[in-house]
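>>> Here is the input, now give the coordinates:
(chains A and B)
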Amino acid sequence: MNVDWLNFTPWSSLAGGALIGLATSLFVVANGRIAGISGLIGSLLQRGSEGVSEKALFLLGLLIAPLLWGLFAALPQIEFKSGGGGLIVAGVLVGIGTRYGSGCTSGHGVCGISRLSPRSMVATVCFMFSGFVTVFVLRHLLGG
Amino acid sequence: MTKLTAFIAGLLFGLGLLLAGMANPSKVLAFLDLTGAWDPSLGLVMVGAIGVAIGPLTWARRQSSSLLGRPMQLPIKRELDPRLIGGSLLFGIGWGIAGICPGPAVAILLTGHWQVIVFMLAMLAGMLLFTALERRRSH
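Numbers count the residues shown, from 1 in each chain, chains lettered A, B, ... in the order given. Below is the predicted model:
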């Protein structure tokens, strides 16, 4: 294994993670709701969901976070590696996969593991595993 | 009050993603590239997030209502079914292709990159497809 020490950002990643943990805790402790982004978006797409305003306001906060950030500092680098076709395939898989799997990195990976939920632990192992395999196949088997 | 806490939670979540580096797809892909030049940073995002959340969530599991008097809506399902596993595997493939998961997709939607708009539309289409298939199944 070859660690990329130059791009390794332990402190900002730990601190950013702690903020994510704080946000997750606030939503659960104050609102009694799971901060799972795919679940929040998915339920807003379905008719007759409850708690629409709270879910929409959480997503609104998430949406305008970079605008608030931009008032005080330059936005961090955002670099994409895929073209239009890859993005479309990826988006559809993420959309359908997170709905069938009842969650994503936030709902299972952070919230679920923090609740010690066996389902979320299994889900996290599954998407991490297929993520690792996909990058291996695309970069090292096919990409050369 | 719950509207305010929901908004603040979303805002903190987004700032956390930006600070952590999760909002940068190429950094996410570098974390998933175990056999290449591996960037372990995102493992520490999980450590930081779970480290902070585990205490409050352990408390929450034992409550029937939130501090603001809302019902505590935590999932109760326990069985490991093929939908959970298959869905999560599919999600991971999509995540591995573009390096974007749903949270960062929302958090960088307004930063002026066409790629995230394409991704978001495709993701919403995938979710709507799920809803349509589920409705069909229940008929």
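
>>> where in chain A is pLDDT low?
Chain A contains residues with pLDDT under 70 at A:144.

>>> which ones are touching residue 41?
All of this is about chain A. A:I41 sits next to A:L59, B:P102, B:V106, B:M123, B:L124, B:M127 when contact means C-beta atoms under 8 Å, 6 or more residues apart in numbering or on different chains. Using the backbone N, CA and C atoms, a C-beta is placed for each residue, glycine as well.

>>> my bad, chain B
A:N7, A:F8, A:T9, A:P10, A:S13, B:A20, B:G21, B:K27, B:F31.

>>> I'd guessed the fourth one sits against B:V45; true?
If I follow you right, that is A:P10. No. Counting by C-beta atoms under 8 Å, A:P10 does not reach B:V45; the two are 10.2 Å apart.

>>> Closest one of the contacts of B:S41 to A:P76?
Nearest to A:P76 out of the contacts of B:S41 is B:G21 (C-beta to C-beta; 6.8 Å).

>>> And the pLDDT for that closest one?
pLDDT, B:G21: 95.

>>> what sits against it?
A:T9, A:S12, A:S13, A:G16, A:P76, B:K27, B:S41, B:L42, B:V45.

>>> Of A:P10 and B:V45, which one has the most company?
Of the pair A:P10 and B:V45, B:V45 is the one with more neighbours under other C-beta atoms under 10 Å in any protein chain shown, namely 31 against 13.

>>> Need the three-state assignment for the more buried one.
helix (DSSP: H, G, I helix; E, B strand; the rest coil).

>>> Give the buried residues for the helix ranked longest in chain B.
Looking across chain B with DSSP state H, the single longest helix is helix B:114-138. Judged by neighbour count (16 or more other C-beta atoms under 10 Å in any protein chain shown), helix B:114-138 contains these buried residues: B:Q115, B:V116, B:V118, B:F119, B:M120, B:A122, B:M123, B:L124, B:G126, B:M127, B:L128, B:F130.

>>> cool, and stretch B:67-77?
For stretch B:67-77, by 16+ other C-beta under 10 Å, it's B:L67, B:R70, B:M72, B:L74, B:P75.

>>> which of these come close to chain A?
Residues of these in contact with chain A (C-beta under 8 Å from any C-beta of the partner chain): B:L67, B:R70, B:M72, B:L74, B:P75.

>>> which of those lies closest to B:G36?
Taking C-beta to C-beta as the measure, B:G36 lies nearest B:P75 of these, at 35.3 Å.

>>> Can you tell me the SS state at that closest one?
coil.

>>> where's it relative to A:V125, distance?
Taking C-beta to C-beta, to the nearest Å as the measure, B:P75 falls 17 Å from A:V125.

>>> surely B:L29 meets B:G99?
Yes. Look at B:L29 against B:G99 with C-beta under 8 Å: they come within range, at 4.0 Å.

>>> shared neighbours of these two, anything?
Residues touching both B:L29 and B:G99 (C-beta under 8 Å, 6+ apart) are A:K81.
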